[in-house]
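S.K.: Mind folding the following:
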Amino acid sequence: MTIRIEKDFPVFTIIIDNPEVKNAVDGITANELASAFTEFEEEDKALVAVLTGDNGTFCSGANLNAITTDKANRIDINGDGPMGPTRMRLSKPVIAAVAGFAVAGGLELALWCDMRVVEEDAVFGVFCRRFGVPLIDGGTVRLPRLIGLSRAMDMILTGRPVNAKEALAWGLANRVVNIGQS
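M.R.: Below you'll find the predicted structure:
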């Protein structure tokens, strides 16, 4: 299991815990994330979910090493998204608690959330652009809606990192907190 769930109702916390790959998401992890959010949606005592990553990293995106294995992320127009829950429409809010990197598919997971509380060391980016890998899980739609087309194009076309301070100024982050406080 690369996903942990902590229930301290009314808060339902979903933690990506795969430090060997900086919390990258393969197909198995994506399925675990989707299942965790389904459980959250169905739990009456849970009023808000927090999505976070353990070990100082939110999520480094899709696990590219899994692409050529049976653990590859699903790419299918029906059902869950490649990163898991990103096509789900929940009736309750989800907050991304971002420490460290939220890049590529990790950025897409953060964008799917209703709010982003980020630590001072948070870094957002479309680093997959550097390798010719596109955002494929809603990021190209959600990012410009959140920060505007010009800023979204800057991130998507250059692949440059956006730190917590800039993310807050752009509206990508809702709050910046001290390290260890997200």
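S.K.: When you work out contacts or count neighbours from here on, use the C-alpha atoms and nothing else.
M.R.: OK.
S.K.: And for Gly148, the neighbour number?
M.R.: By the measure other CA atoms under 10 Å, the count of residues near Gly148 is 14.
S.K.: per-residue confidence for Gly105?
M.R.: Per-residue pLDDT puts Gly105 at 88.
S.K.: Okay, now the unreliable bits of this protein?
M.R.: 65-84, 129-137 (pLDDT under 70).
S.K.: so where do the helices sit in this protein?
M.R.: 27-42, 105-112, 139-147, 149-158, 164-170 (DSSP state H).
S.K.: The ones you listed into JSON lines, with extra columns for distance to Lys7 and mean neighbour count?
M.R.: Below are these laid out as JSON lines (distance: least, CA to CA, whole Å; neighbours: other CA atoms under 10 Å):
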{"stretch": "helix 27-42", "distance to Lys7": "9", "mean neighbour count": "20"}
{"stretch": "helix 105-112", "distance to Lys7": "20", "mean neighbour count": "26"}
{"stretch": "helix 139-147", "distance to Lys7": "28", "mean neighbour count": "17"}
{"stretch": "helix 149-158", "distance to Lys7": "35", "mean neighbour count": "15"}
{"stretch": "helix 164-170", "distance to Lys7": "28", "mean neighbour count": "18"}
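S.K.: For Ala62, find the nearest of these.
M.R.: When the helices of the chain are compared by CA to CA, helix 105-112 sits nearest Ala62, at 5.6 Å.
S.K.: on that earlier part again, so which of the helices of the chain gets nearest Thr2?
M.R.: Per CA to CA, nearest to Thr2 of these: helix 27-42, 6.1 Å.
S.K.: Once you drop chain neighbours, what's closest to Val103?
M.R.: Spatial nearest neighbour of Val103, chain neighbours left out: Gly125 (4.7 Å); criterion: CA to CA, 6 or more residues apart in numbering.
S.K.: now the helices of the chain as TSV including distance to Ile15?
M.R.: TSV is the format used below for these (distance: least, CA to CA, whole Å):
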stretch	distance to Ile15
helix 27-42	9
helix 105-112	12
helix 139-147	21
helix 149-158	26
helix 164-170	20
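S.K.: that older thread, how near is the residue nearest to Val103 to Leu107?
M.R.: Distance of Gly125 to Leu107, given as CA to CA, to the nearest Å: 7 Å.
S.K.: To Ile95, which of the helices of the chain lies closest?
M.R.: Using CA to CA, those put helix 105-112 closest to Ile95, at 8.3 Å.
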